[in-house]
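>>> A structural model of the following input is requested.
(chains A and B)
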Amino acid sequence: MTSNRRISILAAAAALVAGPAFADDVVTVGLILPMTGQSATTGKQEQAGANLYIQLHGDTVAGKKIVLEVKDDTGAPDVTKRLAQDLIANDGAKALMGFGLTPLALAVAPIATEAKVPEIVTAAATAMITEKSPYIVRTSFTLPQAAAPMAQWCLKNAIHKVVTLVADYGPGNDAEKWFGDVFEKGGGQIVEKIRTPLKAPDFAPFLQRVKDDAPEALFVFLPSGQGAAFMKEFAERGLDKSGIRLIATGDVTDDDQLADMGDPALGVVTTHHYSAAHDSSENKAFVAAFEKANNGMRPNFMAVAAYDGMALLYQALDKTKGATDGDALIAAMRGMSWTSPRGPVSIDPDTRDIVQNIYVRKVEKVDGALYNVEFDTIPAVKDPYKAAKN
Amino acid sequence: MLTILFDGVAYGMLLFLLACGLAVTLGLMNFVNLAHGVFAMGGGYVTALLMNRAGIPFLATLPFAFIVPALVGIVVERLLYRRLYGASPLDQVLLTIGLVLMAIPAFDYFLTDQPQQIHLPAFLQGRFELPGLTIGAYRLFLVVVCGLIAATLQIFLVGTRFGAQLRAAVDDRRVAAGLGIDVGRLFAIAFAIGSGLAGLGGALAADVVGGVDPNFPIKFLVSFLIVVAVGGSRGVAGAFFGALLLGVLDVAGKYYVPSIGAFVIYAVMVTTLLIRPQGLFAKSGT
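Residues are numbered from 1 along each chain as shown, chains lettered A, B, ... in the order given. Got it, this is the predicted structure:
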């Protein structure tokens, strides 16, 4: 710890000394993402989202030229940390962005604090991340933010008996807790809480158990990638026919993989902040431009978060008239509101976390392809975890 | 109850499919082949790509899922593995784990890390509802195919001249060679069979485990090894019964005690290694 701290102090000092050497009219933004390894899809979507913003809005704002430095941290926190130090000390980065997973975002928090450089989290979704440094701002979402509205929707729609099934790791446990707490407080009953191993090769026994429990709905949170296997088994076991509704947070029907899941996914109800099928002119333009620039790849919630990360930075620079001082940028970002492809969003001035609409969606076929079609909106949802503390 | 038993048997068969190739390379040929999963992944990719890109029906892709990894197996065996037959297990581990670490980014680079899905034909989807028992069509298919493979393999290795030669060559290479057996050729063929079976296993398993992706060899490495550890590494029958036992216990454990269900197979493995380190179904004193 002490040696780590010493290194970061050195890095910060080096940044100060080296600072004047960089051209005044260039703002370097370090985009640190897992471009290889298990979370590489996150990296690809994020990079494409950030690039698209620059492509559509030009690379100069308030007289400054924006230069995006993309670095691959392979999903390892120690690499993320080293890259962050390197970007600040050697490249003179004025803002850091990205962070595919919670541990990666946390690894950079002390560096952001010491170097006074904004850390814009555009992926990692654990609620407490923004509390770890006053320089962290988030444009993605928090898991409680997506899970709690699902519970409210169930109660409103006469679903009172639910089994929860989550992958047994941090975000899964978060989803279980936040869905369960809100649901039980509202008078619902959680019949059983099932946790599946993260590397579960086979959902059969768990789903058989759910079938025998016969709840009104099954709430699911799984890391992206397991969704397809789960849906298949859900259908093969006949749960779709036995009157058990499948409900989930939007990670399970990720736009990136939905097309591959096939018909078993039809009718799944999820709550999330972004769907590629969101009905607005901003989103239609965004999706069209994104698919054109990326060989037909459909943008998912990661892409839009990175796009909005750039949007936030551009607007903050505009507001500071090009000043890149970390405190000034963060002050400008607090309370900032704009219209994103996902709908109206703002940065909570107190928590620096994103406030956004959460949509209730259902998987349907649109022009022959599967999409999450939104049919209900819960406006301006704040992160319930931090709201509960205040 | 019966449904759980059937699911357990089907899962056991799946484990056997994934591990039976390893029972040949590790069990019969005594080579610590941690790269087994790479061949399984290869078979899965062959099936997925032939189906998704060339539009070939599922069943017709399965022979290729055997043949392609088997051919690759021969090449790799001639180039690399054969140099380490007499070497220490540690050298074999280093070589094969290195292959795994090279295969993952290579597949990632060319085929992306998105899981490749396999869309089964209609007659393999759905299920049969009997009183007290629900049978998934694909699981039934797995049970039948695995039973056939296990029986064929057992007959082939125990009952044929090739099997006898192979066992002789593993037991004492020099004497076998002295008797005129072409040991190099024999090992190459055996290795190809092991690799081909791995490929077939990967192709058949892909649907149940959510498609194949580049991390497949690491994700299921532990499953392969547990089957061989519990069943005993000296033959196909051991792996078969070991896989069945593990499958049933795993499914039952996850159903009846979901909170600790995932640990059941590890508990079985630890107990087995303590009581019968040579494996439950192996002849003692090997």
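>>> wait, isn't residue A:286 in contact with residue A:341?
Yes - the criterion here is C-beta atoms under 8 Å, and residue A:286 meets it with residue A:341 at 3.9 Å. C-beta coordinates here come from the backbone N, C-alpha and C atoms, glycine included.
>>> and the nearest residue to residue B:42 once chain neighbours are set aside, how many neighbours?
Nearest in space to residue B:42, with sequence neighbours left out and distances taken as C-beta to C-beta, 6 or more residues apart in numbering or on different chains, is residue B:69 at 4.5 Å. Using other C-beta atoms under 10 Å in any protein chain shown, residue B:69 is surrounded by 32 other residues.
>>> roughly how far apart are the residue in the stretch 151-300 of chain A that chain B sits nearest to and residue B:221?
With C-beta to the nearest C-beta, the shortest gap between the stretch 151-300 of chain A and chain B falls at residue A:229, namely 2.6 Å. The gap separating residue A:229 from residue B:221 is 19 Å, by C-beta to C-beta, to the nearest Å.
>>> more neighbours, those two?
residue A:229 (23 against 18).
>>> off-centre distance for stretch A:117-124?
Centroid separation for stretch A:117-124 versus its chain: 11 Å, with C-alpha atoms, centre = their mean, to the nearest Å.
>>> so how far does it reach from one end to the other?
For stretch A:117-124, the first-to-last residue distance is 18 Å (C-alpha to C-alpha, to the nearest Å).
>>> what is the helix or strand where residue A:257 lies packed up against?
Using DSSP states H and E, residue A:257 sits within helix A:255-261. On a contact count with 3 or more C-beta pairs under 8 Å, 6 or more residues apart in numbering or on different chains; DSSP states H and E, helix A:255-261 meets helix A:227-236, strand A:369-381.
>>> nearest to chain A: which residue in chain B?
Chain A sits closest to residue B:210 of chain B, with a gap of 2.6 Å, by C-beta to the nearest C-beta.
>>> ok, that residue touching residue A:222?
No - taking contacts as C-beta under 8 Å, residue B:210 lies outside contact range of residue A:222: 9.8 Å.
>>> overlap of the contact sets of the two?
Common neighbours of residue B:210 and residue A:222, counting by C-beta atoms under 8 Å, 6 or more residues apart in numbering or on different chains, are residue A:230.
>>> say whether chain A is contacted by the helix or strand bottoming out on mean pLDDT in chain B.
Ranking every helix and strand in chain B by mean pLDDT, DSSP states H and E puts strand B:127-130 at the bottom, with a mean of 79. Yes - Strand B:127-130 reaches chain A (C-beta under 8 Å from any C-beta of the partner chain) through B:127, B:129.
>>> end-to-end on stretch A:94-104?
Stretch A:94-104: ends 19 Å apart by C-alpha to C-alpha.
>>> thinking again about what came up before, now for residue A:286 and residue A:341: what residues contact both?
Common neighbours of residue A:286 and residue A:341 (C-beta under 8 Å, 6+ apart) are A:299, A:304, A:307.
>>> inside helices: which ones of those residues?
Mapping the shared contacts of residue A:286 and residue A:341 onto helices (DSSP state H) picks out A:304, A:307.
>>> circling back to that earlier point, okay, the helices and strands packed on helix A:255-261, which one's buried deepest?
Among the helices and strands packed on helix A:255-261, the stretch with the highest mean neighbour count (mean count of other C-beta atoms under 10 Å in any protein chain shown) is helix A:227-236, at a mean of 24.
>>> before we move on, back to that, got the contact list for the residue of the stretch 151-300 of chain A closest to chain B?
A:203, B:208-211.
>>> hmm, 6 Å instead?
Residues counted as contacts of residue A:229 (C-beta atoms under 6 Å, 6 or more residues apart in numbering or on different chains) are residue B:210.
>>> what does the one 3 residues further on give?
Under the criterion of C-beta under 6 Å, 6+ apart, the contact partners of residue A:232 comprise residue A:264.
>>> if we go to 10 Å?
Residue A:232 is in contact with A:203, A:261-262, A:264-265, B:117-120, B:125, B:138, B:207-208, B:210-211, counting by C-beta atoms under 10 Å, 6 or more residues apart in numbering or on different chains.
>>> mind checking which of these are buried?
Burial by neighbour count, 16 or more other C-beta atoms under 10 Å in any protein chain shown: within those this picks out A:203, A:261-262, A:264-265, B:117-118, B:120, B:125, B:138, B:207-208, B:210-211.
>>> just those residues: which has the poorest pLDDT?
When the buried ones among the contacts of residue A:232 are sorted by pLDDT, the bottom entry is residue B:210 at 76.
>>> quick check: closest non-adjacent residue to that one.
residue A:229 (2.6 Å).
>>> show the pLDDT at the one you found.
Note for residue A:229: predicted pLDDT of 79.
>>> cool, and residue B:116?
The model's pLDDT for residue B:116 equals 82.
>>> what's across from residue A:194 in the sheet?
Beta-bridge pairing for residue A:194 (DSSP bridges): residue A:165.
>>> go through the helices and strands packed on helix A:255-261 and find the least confident stretch.
helix A:227-236 (a mean of 82).
>>> need the helices for chain B, in chain order.
B:2-22, B:36-54, B:58-79, B:89-111, B:137-159, B:161-171, B:173-178, B:183-205, B:216-219, B:221-231, B:236-256, B:264-275.
>>> my bad, chain A
A:2-18, A:40-57, A:77-90, A:102-115, A:143-156, A:170-185, A:204-213, A:227-236, A:255-261, A:281-293, A:301-319, A:326-333, A:384-389.
>>> and the longest one, what's buried?
What that stands for is helix A:301-319. Neighbour counts over helix A:301-319 (16+ other C-beta under 10 Å) mark A:301-317, A:319 as buried.
>>> what's the answer for the last one, then?
Using 16+ other C-beta under 10 Å as the test for burial, helix A:384-389 gives A:384-387.
>>> between those residues, which is closest to chain B?
residue A:385 (25.0 Å).
>>> looks like the closest one contacts residue A:146 (just checking).
No - if you go by C-beta atoms under 10 Å, residue A:385 and residue A:146 don't touch, sitting 11.7 Å apart.
>>> find residues that contact each of these two.
residue A:178.
>>> now residue A:366. Nearest residue, chain neighbours left out?
In space, and not counting its chain neighbours, residue A:366 is closest to residue A:277: 6.2 Å by C-beta to C-beta, 6+ apart.
>>> phi, psi for the one you found please.
When read as degrees, to the nearest 10, the backbone of residue A:277 gives phi -90, psi 10.
>>> which pLDDT value goes with it?
You'll see residue A:277 listed with a pLDDT of 94.
>>> residue 181: how many residues sit nearby?
Here I'm looking at chain A. 17.
>>> that answer is for a different chain, and I need it for chain B
17.
>>> and it, how far is that from residue B:187?
Residue B:181 is 10 Å from residue B:187, by C-beta to C-beta.
>>> who touches both of the two?
Taking C-beta under 10 Å, 6+ apart as the criterion, residue B:181 and residue B:187 both touch B:166, B:169, B:173.
>>> so residue B:210 touches residue B:48, yeah?
No - assessed by C-beta under 10 Å, residue B:210 is found out of contact with residue B:48, at 11.8 Å.
>>> who touches both of those two?
Between them, residue B:210 and residue B:48 share the contacting residues B:115, B:117-118, judged by C-beta under 10 Å, 6+ apart.
>>> which of these are close to chain A?
B:115, B:117-118 (C-beta under 10 Å from any C-beta of the partner chain).
>>> mind listing what residue 165 touches?
Picking chain A for this. Counted by C-beta under 10 Å, 6+ apart, residue A:165 has contacts A:172, A:176, A:192-196, A:203, A:206-207, A:209-210, A:218-222, A:230, A:246, A:248, B:258.
>>> should've been chain B
With contact set as C-beta under 10 Å, 6+ apart, residue B:165 has these partners: B:176, B:179-183, B:185-186, B:190.
>>> thanks again, I'm all set now.
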